[in-house]
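**Q** One predicted model, sequence on top.
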Amino acid sequence: MNTYNEIIIAGLGGQGVLLAGTILAQSALEQNLKTTWFPSYGAEMRGGTANSTVIISDEEIGSPIAFSPSGLIALNALSLNKFLPRMIEGSSIVANSSLINPNEFKSDKNINFIPISEIADKEIGNIKAANMVAIGALIKILQVPSLDNVLKALQIAFAKKPTLIEVNIKAVNAGYNYK
Amino acid sequence: MVKKLVKGNIALCEGALAAGLDAYFGYPITPQNEVPAYMSNKMVTLGKVFVQAESELAAANMVLGACATGKRAMTSSSSPGISLKQEAISYMAGMEIPSIIVNVQRGGPGLGNIAGSQADYFQAVKGGGHGDYHLIVFAPNCAQEMYEVTYEAFDIAEKYKNPVMILSDGIVGQMMEPVDFNKEQKTSFSKKDWCLDGCKDREPRSIKSLLMGDGALEQHNLDLQKKYEVIKANEVKAELYQVEDAEIIIVAYGISSRISKNAIKSARTKGIKAGMIRPITLWPFPTEIIKKYSKPPVKFLTVELSLGQMIEDVRLAVNGVSSVDFLGKAGGGIVSDKDVLNKIMELKK
């Protein structure tokens, strides 16, 4: 297990990439790891790609900006195009095959294509939970933060909207247990 | 204490609230919008004052007025908005008003862009407004420090009757980090024998910056300088990181110091003895600390998200004894840890 990870979560504005990042960071905090979260903010959120960067480490974190990203969630093709070239060797990459045609991405990097939107829509019954399905899939590969701590983080993040906890837990589990 | 994951901007708000903030006056601008947004809820809930002013000028002058009555008041903005506040800032320096001004810097000049930047160093440290004056300037580099520095800033402002600026940047303001909200809520405050709180049963007071009497303004300036000397002697804050054996010492503040720390760690694994002096106060500047470590063969490297502003103060401190190099980027561009490492390796040759 590599304890230092720079993770980028990217997608269309509205796909919940900022929230997904905070869940990941909160999970790291639950696991007593150091963490930072940094959003893309401003004009690029409207229409284009939005992203958040989460750094997780067992040591003090320097820059909150990902210069050598090792984890990626790409919820749409634009995001995969943008960030794939930046990923370091051996990166953990999850891509949403519901919106991305795998045949269009020839790369020597190992991309885990998962029908994230489809799982959210059909299995969970809420397309908005795609971000959480993706989190489940990513931590399965990274093995950090642990599934337990992600579920704990959901309880904290949705403490004010408890009706949403169950659906998000389901979504994370669905991503984690895919295949 | 359980740490909470919050943005730097929110940590700053919590620091101000714990310090007993009475009034917040603001006007929206990215990347500091979380501050007025959060305060619009919190201050109203607490029964305190929140005003979204009609402009940055108005907000800065409202802070002047509120602080003149002895209350704790703060305004925040980002670079172009801070330029608009400069008139009131100069007045507050002259009137010795203990206000708090927050600048979450973005790229400039002009309206610039919304990316994090450190190009307002000159404005914060060398004046900005007119006249011979200084702000006390803090440069936090993480969410925890945004909280702690803001908490302390009010006491320091009142101790010296001097405006304090918190010079942050878009990255430190926007990033989330776990914060330990470990400060006690302030409820008792020092008595102010200068403030304008109603003159029933006492002589009326006045606070002004217009001093037309023969020699009055000159004397006022001399008094201010005396005060600045005391601040310089007592309030310098800096973090020293692996400087004792360092051959290359980086001087960096705020977000640049975090990027630089990554590079220093990499350099150390390559056997290059690098270290860092991180000013936490930009004014007063850690001149004496830098001076102490200035001796050949030590080389200095200033890293800033600007094209070279703080480097002038580093050069003055080093005073020609060691070399001083520079690495920076303008207009909201980011220096990467690899850029810093490459520069360190270049200097090592």
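**A** Everything's here; your move. Numbering: from 1, shown residues only, chains lettered A, B, ... in the order given.

**Q** Near chain A, which residues of chain B are found?
**A** B:3, B:5, B:30-31, B:114, B:170-171, B:174-178, B:255, B:258-262, B:265, B:334, B:336-338 (CB under 8 Å from any CB of the partner chain). C-beta here means a position set from N, CA and C on the backbone, and glycine is covered the same way.

**Q** now the helices for chain B?
**A** Assigned helices in chain B, in chain order: B:8-18, B:34-45, B:56-68, B:79-84, B:86-95, B:121-125, B:143-160, B:170-174, B:216-234, B:254-269, B:287-292, B:311-318, B:337-348 (criterion: DSSP state H).

**Q** need the helices for chain A, in chain order.
**A** Ranges of helices within chain A are A:17-30, A:77-83, A:116-118, A:130-142, A:147-157, A:165-176, based on DSSP H.

**Q** Packing partners of the longest one?
**A** Looking back up the chat, that one is helix A:17-30. Here helix A:17-30 touches strand A:5-12, strand A:34-39, strand A:49-57, helix A:130-142, helix A:147-157, strand B:4-7, strand B:176-179, going by 3 or more CB pairs under 8 Å, 6 or more residues apart in numbering or on different chains; DSSP states H and E.

**Q** okay if I get the ones you listed as CSV plus distance to residue B:166?
**A** What follows is these, written out as CSV (distance: least, CB to CB, whole Å):
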stretch, distance to residue B:166
strand A:5-12, 28
strand A:34-39, 20
strand A:49-57, 24
helix A:130-142, 34
helix A:147-157, 28
strand B:4-7, 15
strand B:176-179, 15
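
**Q** and these as CSV, adding mean neighbour count, mean pLDDT and distance to residue A:172?
**A** As requested, the helices and strands packed on helix A:17-30 are exported to CSV (neighbours: other CB atoms under 10 Å in any protein chain shown; pLDDT from 0 to 100; distance: least, CB to CB, whole Å):
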stretch, mean neighbour count, mean pLDDT, distance to residue A:172
strand A:5-12, 26, 96, 14
strand A:34-39, 24, 97, 18
strand A:49-57, 24, 94, 15
helix A:130-142, 26, 97, 4
helix A:147-157, 19, 97, 6
strand B:4-7, 22, 98, 18
strand B:176-179, 25, 98, 20
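
**Q** Of those, which is nearest residue B:349?
**A** Distance to residue B:349, taken as CB to CB, is lowest for strand A:5-12 among the helices and strands packed on helix A:17-30, at 29.3 Å.

**Q** contacts for that closest one?
**A** Strand A:5-12 is contacted by residues A:17, A:20-21, A:24, A:47-57, A:66-76, A:78-80, A:82-83, A:86, A:96, A:131, A:134, A:138, A:142, A:144 when judged by CB atoms under 8 Å, 6 or more residues apart in numbering or on different chains.

**Q** wait, which of the helices and strands packed on helix A:17-30 is closest to residue B:189?
**A** Between the helices and strands packed on helix A:17-30, strand B:176-179 lies closest to residue B:189; by CB to CB that is 24.2 Å.

**Q** looking at the helices of chain B, which is buried most?
**A** Highest mean neighbour count among the helices of chain B (mean count of other CB atoms under 10 Å in any protein chain shown): helix B:170-174, with a mean of 29.

**Q** Just the CA atoms of that one, as CSV, please.
**A** Only the C-alpha atoms of helix B:170-174 are listed here, as CSV (Å, rounded to 0.1, in the frame of the first residue of the first chain):
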residue,chain,number,x,y,z
GLY,B,170,-6.5,31.6,-3.6
ILE,B,171,-5.0,28.2,-3.0
VAL,B,172,-4.7,28.4,0.8
GLY,B,173,-8.2,30.0,0.9
GLN,B,174,-9.9,27.4,-1.3
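
**Q** and for that helix, what are the contacting residues?
**A** Here helix B:170-174 makes contact (CB under 8 Å, 6+ apart) with A:38-39, A:41, A:64-65, B:7-9, B:12, B:30-32, B:34, B:78, B:104-106, B:114-117, B:140-143, B:146, B:254-255, B:332, B:334.

**Q** change it to 6 Å
**A** A:39, A:41, B:8, B:9, B:31, B:104, B:106, B:115, B:116, B:254, B:255 (CB atoms under 6 Å, 6 or more residues apart in numbering or on different chains).

**Q** again, but for stretch B:104-120
**A** By CB under 6 Å, 6+ apart, stretch B:104-120 touches A:42, B:30-32, B:78-80, B:103, B:168-171, B:173, B:304-306, B:331-332.

**Q** The same query, at a cut-off of 7 Å, please.
**A** A:41-42, B:9, B:30-32, B:76, B:78-80, B:82, B:103, B:167-171, B:173, B:254-256, B:304-306, B:330-332 (CB atoms under 7 Å, 6 or more residues apart in numbering or on different chains).

**Q** ok, for residue B:228, nearest residue in space, not its chain neighbours?
**A** In space, and not counting its chain neighbours, residue B:228 is closest to residue B:134: 5.2 Å by CB to CB, 6 or more residues apart in numbering or on different chains.

**Q** I should have written residue A:30 there, sorry.
**A** residue A:149 (4.1 Å).

**Q** List the residues that contact that neighbour.
**A** When contacts are counted by CB under 7 Å, 6+ apart, residue A:149 touches A:27, A:30, A:31.

**Q** Do I have it right that the second one meets residue A:152?
**A** Yes - in this structure, residue A:30 sits in contact with residue A:152. The criterion is CB atoms under 7 Å, and the distance is 4.7 Å.

**Q** Spell out which residues make up each domain of chain B.
**A** Domains of chain B are assigned by automatic domain parsing as B:4-234, B:239-348.
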